[in-house]
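**Student:** please find the sequence and the predicted model below.
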Amino acid sequence: MITKKFNLPNALITLFLGIMALVALFPFYQTLMLSFSTVSDSSSSKLFLFPKDFDLSAYRFLFIDGKVTRGLGITLFVTAAGTILSIVVSTAGAYVLSKKTLPGRNIIFNGIIFTMFFSGGLIPYFLTLQKLNLQNNLLVMVIPPAVNTFYLIMMKNFFNTVSPSLEESAKIDGANDITILWRIVVPVSMPIIATMTLFYAVDRWNEWWLPTLFINDTKLYPLQLVLRNAITNISQIINSSAGAQLAQGTQNIYGDSVKSAMIIISAVPIILVYPFVQKYFAKGIMIGSIKG
Amino acid sequence: MASHTQLEIPEKLTARRTGGKLRKEIVKHKYLYLLLAPLVIYYIVFSYVPMYGILLAFKEFDYSKGILGSPWNDFANFTAVFNNPDFWTATRNTVLISLGRLIIEFPIPIVLALLLNEISKGKLTRIFQTVFTFPHFISWVVLSGIIIGIFSDQGLYNQILVLFGADKSSVLTNGPGFTIVLFISNIWKEAGWSCILYLAAIAGINPEMYEAAAVDGANRFQQMRKITWPVLKSTAAVLFILAVGNVMNGGFDQIFNLYNSAVYQYADILDTFVYRSAFTDATGFGFSTTVGLLKSIINFALLFGANYIVTKVGKEEGL
């Protein structure tokens, strides 16, 4: 259909996007290579296209250290428990909100939308959660962030597209609403449920803000917080007024290779899972983001 | 769909007239309300209950007495906030950074969507999309770790400078450098992601329109301008309104993980200011709540202002 003379712009666009893609990936690649370097190599001036000596001591150090393995365990728990809770609550809620004629539905829906634009702010939120005994409690990463309003609306929009005739025939057969949701709506809504599972799982995996506020006990630190502490300790020392001369000394205490290994461990599950889920969720987002 | 609404609406109308019908309606849908209950409880506990904490903006917070028991202090918190020079610095930074984001970051996903659409079809597009959306799923903790590494004394950036015979520089500790890194790194993280919404809009365009235009002799640039862009414009309008409604936020996660005391003058935004005044500097919870309240009110006003302008002046659909 497209004639030959348009191939040059096409090639240029592809080339441009290709370069951008490499630029976007390069920082991850370099971090990976740094993590495979020896501690001393990682802190000397070398461009790291490939590590000088392939070395796993950074990873070994992290696993002996224990902080990372404990953080990993906590993060896995939070991700599993949080994702299950989120999916159950928001699937059920979004399904009901897609019933536009249900008495009271509009008030509740508008009440939910309102919270996207107005909130009590940080301090009232902090005091509320503290009152609920969520300080130094792993559930603070599971329950308070259980529902994301954007995701909820996407799910609701998806359920709007599910044909009501499917449900009506089940209703005639005497099924109640819970059975209909579970047996009929959920199976045909797998694209959006899979997408939301990914989104919520990633959010719980990445959770750092709530534990920063509520977890003081370093034994309860999730992976992100272990990492954050390591990074800020290094950067604070490097960026402090004493600056340059201190930087020389600290490089050796906590080498860039160890920090990079920690970054890789925190990102690797997403790197592994993401490309496989991506094609699945494109469909879910497309339908979910249609206004309606 | 049609038969569904025809069935439900009359019932609902009669239910409003007589309480008994409403009760009957509720009983009929009792399982639906049961399914909805956890969601409603969630929003009450975690969104609406904290709202009464706004009272703290008018109080002197006493930890032992709680929010309700703390004594009123008229508008002392507001006076303290307005007299605090750091508050004004943070306000200025928030607005400047947000405007920078609107000007620099906002158009990028649109351009990206147009480019991806031009080469669309095939495996290559999917690979590009996977690469560009991927950083969205990595937390700012991890990304800032990588970024701080790149700009550290021995990092990639300084290695390249040295390679070209330039002097090393500390980008993240000077204001302009830090601000540029803010914009670029946020494009890196979010541009591909925001692009999906535009691509979804493009996917809804009937391909026959392009074919018809091509038959009429429209070149690709004309097709982009006359067919693709009008569709993207309404998506852009909605996202623009939301972005303006976020002007007073400025991107807490990113800045909190990247900044350091050397760039507070340029990078301290209202949210980071609230956090530090409450938990690091201990200026008092009343003070911090007041800043948060002012921020919320301005955001709310901006959102409605932007919605009004876009719908009335720009003749777009809006929210």
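**Tutor:** Sure thing, it's come through.

**Student:** what about stretch B:61-68, start to end distance?
**Tutor:** 9 Å (C-alpha to C-alpha, to the nearest Å).

**Student:** could you find the closest non-adjacent residue to A:Asn206?
**Tutor:** Nearest-residue entry for A:Asn206: B:Ser139, 3.6 Å, with adjacent residues in sequence omitted and distances by C-beta to C-beta, 6 or more residues apart in numbering or on different chains. All C-beta atoms are positioned from the backbone trio N, CA, C, and that covers glycine.

**Student:** tell me, what's the model's pLDDT at the one you found?
**Tutor:** B:Ser139 is assigned a predicted lDDT (pLDDT) of 93.

**Student:** could I get the contacting residues of it?
**Tutor:** Applying C-beta atoms under 8 Å, 6 or more residues apart in numbering or on different chains, we find B:Ser139 in contact with A:Asn206, A:Trp208, A:Gln224, A:Ser266, B:Asp253.

**Student:** B:Ile202 now?
**Tutor:** With C-beta under 8 Å, 6+ apart as the criterion, the residues that contact B:Ile202 are B:Ala113, B:Asn117, B:Thr228, B:Val231, B:Leu232.

**Student:** just among the residues you listed, which is most surrounded?
**Tutor:** Greatest neighbour count in the contacts of B:Ile202, by other C-beta atoms under 10 Å in any protein chain shown, goes to B:Ala113: 26 neighbours.

**Student:** quick one: the helix or strand where it lies near chain A?
**Tutor:** Taking DSSP states H and E as the criterion, the element that holds B:Ala113 is helix B:107-118. Yes: judged by C-beta under 8 Å from any C-beta of the partner chain, helix B:107-118 comes into contact with chain A at B:Leu115, B:Leu116, B:Glu118.

**Student:** how about the last one: what's its closest non-neighbour residue?
**Tutor:** Nearest residue to B:Glu118 in three dimensions, chain neighbours excluded: A:Ile13, at 5.5 Å (C-beta to C-beta, 6+ apart).

**Student:** so that neighbour makes contact with B:Ile119?
**Tutor:** Yes: at 5.3 Å, A:Ile13 counts as touching B:Ile119 under the criterion of C-beta atoms under 8 Å.

**Student:** tell me, how many residues neighbour whichever residue of the stretch 51-200 of chain B sits closest to chain A?
**Tutor:** Per C-beta to the nearest C-beta, the residue of the stretch 51-200 of chain B with the smallest distance to chain A is B:Gly53, at 2.3 Å. Under the neighbour criterion other C-beta under 10 Å, B:Gly53 is assigned a count of 25.

**Student:** shouldn't it be within a helix?
**Tutor:** Yes: when classified by DSSP: H, G, I helix; E, B strand; the rest coil, B:Gly53 is found to be part of a helix.

**Student:** so what's it scoring on pLDDT?
**Tutor:** 88.

**Student:** same question, the one 3 residues further on
**Tutor:** Predicted confidence (pLDDT) for B:Leu56: 89.

**Student:** that one: what's it in contact with?
**Tutor:** A:Ile123, A:Pro124, B:Ile67, B:Ser70, B:Phe285, B:Gly286, B:Thr289.

**Student:** the fourth one and B:Pro107: what is the separation?
**Tutor:** Distance of B:Ser70 to B:Pro107, computed by C-beta to C-beta, to the nearest Å: 47 Å.

**Student:** more neighbours: the two, which one.
**Tutor:** Counting neighbours by other C-beta under 10 Å for B:Ser70 and for B:Pro107 shows that B:Ser70 has the greater number, 19 against 12.

**Student:** what distance do you get for the more buried one to B:Gly284?
**Tutor:** 11 Å.
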